[in-house]
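Engineer: Quick one, structure for this:
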Amino acid sequence: MALPLKYNLRNLIVRKGSTLATAFTIGLTVAVFLMVMALARGIDLTLSSSGEPLNVIVLRTGSTAELNSSLTRENFNDLMYLDGVEREGDQPLATGEIITLIYKPRKGMSQGSNVTVRGVGPMSFKLRSGFQMAAGRQFQPGLTEAVVSKRINERFQGLDIGDKFRIQTTDYTVVGVFESAGKAFESEIWVDVNSLSSTTKRESFSSALLRAKDQNALAALSKRITDDPKLRLKALSERSFYEDQQGTASGALKGLAVFISFIMAVGAGFAGMNTMYAAVARRTKEIGTLRVLGFGRFSILVAFLMESVAVALIGAVIGVLLAMPLNFVSTGTSNWVTFSEIAFNFRVTTDLVVFALIFGAIIGFVGSLLPSIRASRLRIVEALRA
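Structural biologist: Residues are numbered from 1 along each chain as shown. Prediction:
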């Protein structure tokens, strides 16, 4: 015979002090877990949305990022006229780009971080969707002018419109602020590629970006470039390129979330266990009376487990509510692939919320299992004599 649910509900109300204390402890654990996972999810969504489905990025063989890649202008001229490259009129949809880093202090802080500066050409804007000016104007080709992403503008000093920043020995003037639909390019500063080539005294490009005519052309183009021993280059879809960065950039954060949450979960589990052992001690006669009334050991075990899981779920909901205000809050962290700042939003998604609730319930279940078993094994005579 199963115990009615109102029995569990009344016990939670009677023990409201310990119930809320345990729930809040579990809530803090769930909140920390959810916040760190929301960081990792923000990076994942930023990078996964950055690659265009028909774009091919070309790097030097062995390179893991644009920063440590190099291809000559002769290589680029050969690439842009390959079969399978989309054209706009008589112009191939292809561009060579240069990547460099500058160090900038963060706003309100003395410390700073590397920021990616990308040298782009006219075709760069056609090869990437979502780019739009949020303030100011576009830079003029050939001049030492720059446009800064809105997120980088908000996070770093000296990058407002009209400000100047230095790349090696050349000063660049910020003339505009842009947005890029939440993509990885919102962590960058864009300047004219030829101007940056002159500034850094680099004749070669860091990477080349090509638009394939269709998916079949994309695969054929990537294979042809990669398999050509004379070029010594590798080509892959832009989407795959950012997916590879995604695993590296967010993997450390996910590991951190699991580690911190495990330590806190152990503490929360012991708190729940202590609460339930205390409840068993206080309710020994009550348990004996329930056994006399005909409720079996399994019913008592289930009742105590349900109480604990209910408390844990209340705590998990508290944790979700604590983490929810961070949803879409802009932040940034270091990308260990590019050695620079990557700006993104916290993303508390539905699947993370569901996982957080399950995580909280597991803490409650594991923490209450031993005291619940003890309660169910109490002998009737010993319980009534207590």
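
Engineer: Could you use CA atoms for every contact and neighbour count after this?
Structural biologist: Will do.

Engineer: Identify the residues contacting the biggest strand by length in the chain?
Structural biologist: Taking DSSP state E as the criterion, the chain has its longest strand at strand 94-105. Outside strand 94-105, the residues that touch it by CA atoms under 8 Å, 6 or more residues apart in numbering are 66-67, 76, 80, 85, 111-124, 127, 156-158, 167, 193, 196-197, 204-211, 340.

Engineer: just stretch 351-361 next, same as before
Structural biologist: Under the contact criterion CA under 8 Å, 6+ apart, stretch 351-361 has outside partners 26-27, 30, 33-34, 37-38, 309-310, 312-313, 315-317, 320.

Engineer: now, which of those residues sits nearest residue 107?
Structural biologist: The shortest distance between residue 107 and any of the contacts of stretch 351-361, using CA to CA, involves residue 38 and amounts to 23.3 Å.

Engineer: and the closest one, which of the three is it?
Structural biologist: When states are read from DSSP: H, G, I helix; E, B strand; the rest coil, the local structure at residue 38 comes out as helix.

Engineer: And the pLDDT for it?
Structural biologist: The model reports residue 38 with a pLDDT of 84.

Engineer: Show the backbone phi and psi for the nearest residue to residue 159 once chain neighbours are set aside.
Structural biologist: What sits nearest to residue 159 in space, not counting adjacent residues and going by CA to CA, 6 or more residues apart in numbering, is residue 153, at 5.5 Å. The phi and psi torsions at residue 153 (degrees, to the nearest 10) take the values phi -60, psi -40.

Engineer: Then residue 174?
Structural biologist: As for residue 174, its main-chain torsions (degrees, to the nearest 10) stand at phi -80, psi 120.

Engineer: dump the residue contacts of it.
Structural biologist: With contacts taken as CA under 8 Å, 6+ apart, residue 174 has the following neighbours: 145-148, 159-165.

Engineer: For ChimeraX, what selects the buried ones among those?
Structural biologist: Applying 16 or more other CA atoms under 10 Å to these, the buried members can be selected in ChimeraX as follows:
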select :145,146,147,148,159,160,161,164,165
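
Engineer: could I get the contacts of residue 174 as JSON lines with pLDDT, distance to residue 345 and secondary structure?
Structural biologist: As requested, those are arranged in JSON lines below (pLDDT from 0 to 100; distance: CA to CA, whole Å; DSSP: H, G, I helix; E, B strand; the rest coil):
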{"residue": "145", "pLDDT": "97", "distance to residue 345": "28", "secondary structure": "strand"}
{"residue": "146", "pLDDT": "97", "distance to residue 345": "24", "secondary structure": "strand"}
{"residue": "147", "pLDDT": "97", "distance to residue 345": "21", "secondary structure": "strand"}
{"residue": "148", "pLDDT": "97", "distance to residue 345": "18", "secondary structure": "strand"}
{"residue": "159", "pLDDT": "95", "distance to residue 345": "20", "secondary structure": "coil"}
{"residue": "160", "pLDDT": "95", "distance to residue 345": "21", "secondary structure": "coil"}
{"residue": "161", "pLDDT": "96", "distance to residue 345": "23", "secondary structure": "coil"}
{"residue": "162", "pLDDT": "96", "distance to residue 345": "27", "secondary structure": "coil"}
{"residue": "163", "pLDDT": "96", "distance to residue 345": "26", "secondary structure": "coil"}
{"residue": "164", "pLDDT": "96", "distance to residue 345": "27", "secondary structure": "strand"}
{"residue": "165", "pLDDT": "96", "distance to residue 345": "26", "secondary structure": "strand"}
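
Engineer: possible to save the contacts of residue 174 as CSV with distance to residue 344?
Structural biologist: Rendered in CSV, the data for the contacts of residue 174 read as follows (distance: CA to CA, whole Å):
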residue, distance to residue 344
145, 25
146, 21
147, 18
148, 15
159, 18
160, 19
161, 22
162, 25
163, 24
164, 25
165, 23
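
Engineer: ok, so of the contacts of residue 174, who is nearest residue 243?
Structural biologist: In terms of CA to CA, no member of those lies closer to residue 243 than residue 148, at 24.1 Å.

Engineer: Which parts of this protein are strands?
Structural biologist: So, for the chain - with DSSP E - the strands run 55-60, 87-88, 91-92, 94-105, 112-120, 132-136, 145-149, 164-167, 170-179, 188-192, 207-211, 233-237, 330-335, 340-345.

Engineer: now the third one: mean pLDDT?
Structural biologist: Taken as a whole, strand 91-92 has an average pLDDT of 92.

Engineer: do the last one as well
Structural biologist: Strand 340-345 comes out with an average pLDDT of 71.

Engineer: Next one: the residue lying closest to residue 119 once chain neighbours are set aside relative to residue 131, how far apart?
Structural biologist: By the measure of CA to CA, 6+ apart, the closest residue to residue 119 outside its immediate chain neighbours is residue 193, 3.8 Å from it. Residue 193 sits at a distance of 17 Å from residue 131 (criterion: CA to CA, to the nearest Å).

Engineer: burial count for the residue lying closest to residue 318 once chain neighbours are set aside?
Structural biologist: Sequence neighbours aside, residue 27 is the residue nearest to residue 318 in space, at 5.2 Å (criterion: CA to CA, 6+ apart). Residue 27 has 30 neighbours, counted by other CA atoms under 10 Å.
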